[in-house]
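**Q** pasting the sequence and the predicted coordinates here, then a few questions.
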Amino acid sequence: MNKTALLGLLMALALPLVGYFLVKQYSKDVTPMPRRYIYDSVSTRMVNGKQKEDTLWHRVPDFRLTNQLGQVVTWDSLRARLSDDDTLRNKVVVIDFFFTHCPTICPRMTENMKRLQDGLSSGQRVGDQQAKFVHLLSISVDPERDSVAALKHWADRFGIDPDRWWLLTGDKKQIYDLSINHLKVLAQDGEGQDTSFIHSDRMILLDKNRNIRGYYHGLDTADVGRLSRDIILVALEKDPKSKSVFAGKLETLAILVFAVIGGLTALFYFLKKDKQRHGLHPRQK
């Protein structure tokens with residue numbers, strides 16, 4: 001191997017590693033991933049003599065509710081579904097709460113959710129999946145009056161796409177438990193009095209593992225814009241449960257490759273010296 005060929009080999013081995021370390025260093029300055037909010041427990045264990053914490057993040061439970069098309073839905077299935085795109089499984093989900101008799105904030109929140117729906121459908125992609133990676137849910141806090149027909153009327157009024165956005169009604173106890181105990185947002189039954197219903201104005205972002213990743217002011221268009229950005233970030237996030245075979249080993253591999261480079265360089269040097277000592281010269285091109 002002549003000097004030029006060896007130099008080319010060393011460059012081919014070194015450049016990817018240099019690029020990896022540069023990306024690792026400067027990636028600290030990019031937009032951070034939305035954090036997780038609620039955990040159920042934290043345990044500790046020893047790994048290679050060091051204490052490591054394992055956090056069990058709160059997973060929003062399954063539910064059984066009915067959408068504006070009269071379809072009974074759960075997190076993992078949709079009765080009479082046509083394809084996996086019709087389920088919530090492995091999707092990023094945005095949830096808010098409303099009711100159709102709401103005299104105050106609900107129309108504005110629905111308009112902002114509609115902007116989110118239209119923005120995701122028209123322009124933002126993850127790979128070749130156009131808006132199929134996210135689903136919107138608006139859950140009624142007044143299920144006794146919000147029938148399927150009432151939800152359908154609301155959906156038609158605001159131009160809601162049922163392929164991307166479900167309005168949900170169903171068992172009141174289940175809905176309030178979901179809101180208060182699992183999503184951690186306020187909900188209070190008004191017992192039929194429109195002005196007495198209290199519910200959160202937050203839009204809540206869940207990742208594919210049903211962990212809460214953000215709360216956003218549903219009446220603030222700037223905050224809804226931030227939600228739109230975070231949806232894409234969470235959708236692109238690698239599932240922490242599926243680790244690469246190289247996870248945590250890249251630095252070790254880098255050291256090994258640099259050791260090989262050093263070994264090849266030393267070998268070439270000593271072979272060249274040995275030939276010179278015996279009166280032989282490397283063949284010139």
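**A** Sure, I can see it.
**Q** what residue ranges in the stretch 1-150 of the chain score low on pLDDT?
**A** Within the stretch 1-150 of the chain, the set of residues satisfying pLDDT under 70 comprises 1-31, 78-86, 121-131.
**Q** redo that, cut-off 90
**A** 1-32, 42-54, 75-90, 103-104, 119-133 (pLDDT under 90).
**Q** and the helices in it, which stretches?
**A** 3-26, 106-122, 148-158 (DSSP state H, counting those that start in this stretch).
**Q** tell me the buried residues in the second one?
**A** For helix 106-122, the neighbour count (16 or more other CB atoms under 10 Å) marks 106, 109-114, 116-117, 120-121 as buried. For every residue, glycine as well, the C-beta is placed using N, CA and C.
**Q** next one: the shortest one
**A** Going by neighbour count (16+ other CB under 10 Å), the buried part of helix 148-158 is 150-152, 154-155.
**Q** between helix 106-122 and it, find me the angle.
**A** Using axes from the mean of the first three to the mean of the last three CA atoms, to 10 degrees, the direction of helix 148-158 lies 70 degrees away from that of helix 106-122.
**Q** same for the helix or strand just after helix 148-158, what does it pack against?
**A** Once the chain leaves helix 148-158, the next helix or strand it forms, by DSSP states H and E, is strand 165-168. Counting contacts by 3 or more CB pairs under 8 Å, 6 or more residues apart in numbering; DSSP states H and E, strand 165-168 packs against strand 134-140, helix 148-158.
**Q** and the contacts of strand 165-168?
**A** The set of residues external to strand 165-168 that reach it, using CB atoms under 8 Å, 6 or more residues apart in numbering, is 65-68, 73, 113, 117, 135-140, 151, 154-155, 160.
**Q** what is the neighbour count of the closest residue to Asp54 other than its chain neighbours?
**A** By the measure of CB to CB, 6 or more residues apart in numbering, the closest residue to Asp54 outside its immediate chain neighbours is Ser43, 5.0 Å from it. For Ser43, the count of nearby residues is 9 (other CB atoms under 10 Å).
**Q** just confirm Ser43 contacts Lys52, I think it does.
**A** No. With contacts counted by CB atoms under 8 Å, Ser43 stays clear of Lys52, the gap being 9.5 Å.
**Q** now do the shared contacts for these two.
**A** Common contact partners of Ser43 and Lys52 (CB under 8 Å, 6+ apart): none.
**Q** ok, back up a step: any chance of the buried residues of helix 106-122 in a markdown table with distance to His182 as columns?
**A** Listed next are those as a markdown table, based on distance: CB to CB, whole Å:
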| residue | distance to His182 |
| --- | --- |
| Cys106 | 21 |
| Met109 | 20 |
| Thr110 | 22 |
| Glu111 | 26 |
| Asn112 | 23 |
| Met113 | 20 |
| Lys114 | 25 |
| Leu116 | 22 |
| Gln117 | 24 |
| Leu120 | 24 |
| Ser121 | 28 |
